[in-house]
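> test case, fold it:
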Amino acid sequence: QATNLEAIPKAMSAERHCREDALGKLEDMLRQEQADERQRLGALLEASELRWQQLREATEDAIKHRVEQHGTLALELAKVADALGEETRE
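Numbering: from 1, shown residues only. Sure thing, here's the model as predicted:
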């Protein structure tokens, strides 16, 4: 009977140690997963910011082109208006 009573604390200690080891491994695994996720999200954010910059530049270029087209068209219309005005004076 005494031998069984002495074995119980040892068994409980061994079980506690086993659980602590398992919890430690789980915590390490979760920390690594969290670090990996942060790295992945950081890479996604960087890629998104790069794409946003590319789209912004493309939009600015398109607007600049449209403004140039508008300016050219306005100049051509002014020339036609001047020519029509001269024709009506003659």
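> from here on, contacts and neighbour counts on C-alpha atoms
Noted.
> pLDDT score assigned to Ala2?
Listed pLDDT for Ala2 reads 61.
> then Asp82?
pLDDT, Asp82: 91.
> number of residues surrounding it?
Around Asp82 there are 12 other residues, counting by other CA atoms under 10 Å.
> tell me the phi and psi of it?
Dihedral pair for Asp82: phi -60, psi -40, per degrees, to the nearest 10.
> mind listing the helices for the chain?
2-89 (DSSP state H).
> low-scoring stretches of it, by residue?
By pLDDT under 70, the low-scoring segments of the chain are 1-2.
> apply 50 and report the result again.
Confidence mapping of the chain against pLDDT under 50 gives zero matching residues.
> can you pull up the most central residue in it?
Centrality entry for the chain: nearest residue to the mean C-alpha point is Leu45, 2.3 Å, by CA atoms, centre = their mean.
> how much space between it and Glu27?
27 Å (CA to CA, to the nearest Å).
> and for Asn4?
34 Å.
> these two - which one has more neighbours?
Just comparing Asn4 and Glu27: by other CA under 10 Å the higher neighbour count belongs to Glu27, 12 against 8.
> which residues are in contact with that one?
Going by CA atoms under 8 Å, 6 or more residues apart in numbering, Glu27 touches no other residue.
> and for Glu6?
Contacts of Glu6 (CA under 8 Å, 6+ apart): none.
> how many other residues sit next to Pro9?
Pro9, neighbours per other CA under 10 Å, totals 11.
> now Ala22
12.
> cool, Glu90 as well?
Glu90 has 5 neighbours, counted by other CA under 10 Å.
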